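Asker: got a predicted structure plus its sequence, pasted below:
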Amino acid sequence: MRFQTELVPATLIRRYKRFLADCTLADGREVVAHCANPGSMMGLAVPGAKIWLEPNDDPRKKLKFGWRLVEHENGHFTGVDTSVPNRALKAAFEAGVVPGFGGYTTVRPEQKYGENSRVDFLLQGTGLPDAYVEVKSVTLSRTPGLAEFPDSVTARGAKHLDALADMVRAGHRAVMLYLVQRTDCDRFALAADIDPTYATRYAQASGAGVETLCLGTHIDPKGVCVAGPVSVCI
C-alpha cells in the first residue's frame, strides 16, 4: 500500500486530544496534523520525535496533514495510522499472499457478524469454511525486538475475541490477525500487564479454536506492505 501523497518530515511537538498533533515542518512552520490512532501510542508520541506527515489538499478536511510514521534513531519505522493495516491486508488477501489462506478467492471487508459487530474481513472459497478475520494494529514495543498488544485497555478488543469464538462454535473458521506496524520487531506477545482481561479472553478464544496469525510489515515513507510471519510468544 503506497501513500497517496509524498510524505514530508516533521518534528513532533505534542499529541493531544488523542487525534491531534502539533508538529514543526522542516521549513520551521508549525502545523496541526490528524492522528488516526485512538490508542495510547505508548513510547511513540514523544516530543521531539522525527515523524512523517502526509499532506492533503482535500477541501472537505479541516486538517491538511495526517501523521503516518515515526522514524526511530536506529533507522526503523513505526506506522501509527490504524487504518493502514486493513488497507494493506486487503491488497495482500486479494493477491493471495497471506499465509494460510490459499484457496480463498472472495474477500469481503467490514461484514456484519455476531451481535452488533463487524468483522474486518470475511474470506470465502469453494470447499472451504468461511473465515472470519479480525485485525489489530500492533505498535507497542517495550523490549527490543518484541512487539506487544494492546497498548491500553481495550474492551472492544475483548468483545471481538468473544465474537470470533462464537463463529468457531457455529462451524466457521476464525482468525485473530495481529499486524506489527514496526520494522524493529521479530517477536510478538500480549501485554497482559496492561490489559489482563484481554489476555484472559484471548486464552478463552484460543481454547475455543480461534487461530492466531501475526505478520510483520515493510515500512518506509513511500508506503506500507505486509511482510512474513512474526514469531508468537504466548
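Answerer: Received, thanks.
Asker: make it CA atoms for all contacts and neighbour counts henceforth
Answerer: Noted.
Asker: could you list the buried residues of the longest helix anywhere in the chain?
Answerer: Longest helix in the chain, counting residues (DSSP state H): helix 155-169. Across helix 155-169, burial judged by 16 or more other CA atoms under 10 Å covers 157, 158, 160, 161, 162, 163, 164, 165, 166, 167, 168.
Asker: find the centremost residue of this structure, please.
Answerer: residue 137 (1.8 Å; CA atoms, centre = their mean).
Asker: who's in contact with that residue?
Answerer: 82, 85, 178, 179, 180, 181 (CA atoms under 8 Å, 6 or more residues apart in numbering).
Asker: for residue 138, same thing?
Answerer: 147, 148, 149, 150, 178, 179, 180, 181, 182.
Asker: could you list everything residue 180 pairs with in the sheet?
Answerer: Taking DSSP bridges as the rule, residue 180 bridges to residue 138.
Asker: and it, how many neighbours?
Answerer: Residues near residue 180, counting by other CA atoms under 10 Å, number 32.
Asker: that one and residue 218 touch, don't they?
Answerer: No - here residue 180 does not reach residue 218: they are 9.7 Å apart, not a contact under CA atoms under 8 Å.
Asker: which ones are touching the closest residue to residue 106 other than its chain neighbours?
Answerer: Nearest residue to residue 106, sequence neighbours excluded (CA to CA, 6 or more residues apart in numbering): residue 124, at 5.1 Å. Neighbour list for residue 124: 104, 105, 106, 107, 130, 131 [criterion: CA under 8 Å, 6+ apart].
Asker: just the buried ones from those residues?
Answerer: By 16+ other CA under 10 Å, the contacts of residue 124 give 104, 107, 130, 131 as buried.
Asker: just these now: which is nearest residue 75?
Answerer: Closest approach to residue 75 among these (CA to CA): residue 107, at 34.5 Å.
Asker: any idea what that closest one is bridged to?
Answerer: Under the criterion DSSP bridges, residue 107 forms beta bridges with residue 123.
Asker: report the contact partners of residue 21.
Answerer: Here residue 21 is in contact with 12, 13, 14, 15, 32, 33, 34, 35, 67 (CA under 8 Å, 6+ apart).
Asker: for it, which non-adjacent residue is closest in space?
Answerer: residue 15 (4.2 Å).
Asker: pLDDT averaged over stretch 217-225 - what is it?
Answerer: Mean pLDDT, stretch 217-225: 96.
Asker: ok, now stretch 69-78?
Answerer: Mean predicted confidence for stretch 69-78 is 95.
Asker: quick one: end-to-end distance for it.
Answerer: Here the two ends of stretch 69-78 are set 6 Å apart, with distance taken as CA to CA, to the nearest Å.
Asker: and what of stretch 138-149?
Answerer: 6 Å.
Asker: now stretch 201-214: buried residues?
Answerer: In stretch 201-214, counting by 16+ other CA under 10 Å, buried: 201, 202, 205, 206, 208, 209, 210, 211, 212, 213, 214.
Asker: show me the domain layout of the chain.
Answerer: According to automatic domain parsing, the chain comprises the domains 8-79, 84-232.
Asker: can you tell which of those domains is closest to residue 1?
Answerer: Closest among the domains of the chain, using CA to CA: domain 84-232, at 5.3 Å.
Asker: about what we covered before: turn the domains of the chain into TSV, including distance to residue 1.
Answerer: Shown next, in TSV, are those (distance: least, CA to CA, whole Å):
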stretch	distance to residue 1
domain 8-79	12
domain 84-232	5
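Asker: right, and those domains - which one's nearest residue 2?
Answerer: Of all these, domain 84-232 comes closest under CA to CA, at 4.1 Å.
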